[in-house]
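Peer 1: Everything below, folded, please.
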Amino acid sequence: MEPDIPPLPLANTGFDGRAFLTDDEYATYLRRMPVRYPRRDMADPGIDAACAVCGEPPTSDNPLQVCHRIPFGEGIRRWRLTPEWLDRPDNLRWAHRKRCNKLVELSPLAAGELVRAIAKP
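Peer 2: Below you'll find the predicted structure:
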């Protein structure tokens with residue numbers, strides 16, 4: 001007799017365009033933060049790329065990287081935002097890894113204003 005093996009459910013089905021986590025999703029992500037892939041959601045900045053903060057091009061010792069305006073971990077823990085929403089291009093900017101990355105981040109007050117704006121129907 002063969003063992004009863006349950007079917008493999010679909011994975012990575014997304015959040016149906018929702019900005020906010022359900023209570024169950026939120027509780028799960030507090031136990032372990034989700035993996036994120038923001039760079040795949042941003043077009044390559046190209047040869048004429050410039051930092052969103054200082055306007056300077058990348059250098060070999062300070063390249064551009066994708067940065068979150070609402071930081072990923074804060075967006076999950078404080079604002080209950082979905083990873084899908086946090087990795088949207090309008091929450092991401094290209095900025096220098098060393099000098100400018102943290103300057104892209106919104107203050108908690110500004111992040112709260114943005115979250116309240118997206119929460120309005």
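
Peer 1: List the buried residues in the longest helix belonging to the chain.
Peer 2: If you go by DSSP state H, the chain has its longest helix at helix 108-119. Buried residues in helix 108-119, counted by 16 or more other C-beta atoms under 10 Å: 111, 114, 115. C-beta coordinates here come from the backbone N, C-alpha and C atoms, glycine included.

Peer 1: So which elements touch it?
Peer 2: The contact analysis (3 or more C-beta pairs under 8 Å, 6 or more residues apart in numbering; DSSP states H and E) places helix 108-119 against helix 72-77.

Peer 1: What is the helix it packs on packed up against?
Peer 2: helix 23-31, helix 83-86, helix 108-119.

Peer 1: Toward the C-terminus, what is the element adjacent to the shortest one?
Peer 2: Right, helix 83-86. Heading C-terminal from helix 83-86, the first helix or strand you meet, by DSSP states H and E, is strand 92-96.

Peer 1: Show me the contact partners of that next one.
Peer 2: 38, 41-42, 45, 49-54, 56, 58-59, 62-69, 101, 103-104 (C-beta atoms under 8 Å, 6 or more residues apart in numbering).

Peer 1: Pairing partners for that strand, with directions?
Peer 2: Partner strands and pairing direction for strand 92-96 (DSSP bridges) are strand 64-68 (antiparallel).

Peer 1: Can you list the neighbours in contact with the strand it pairs with?
Peer 2: 38-39, 42, 45, 49, 51-52, 58, 75, 86, 91-97, 100-101, 104-105.
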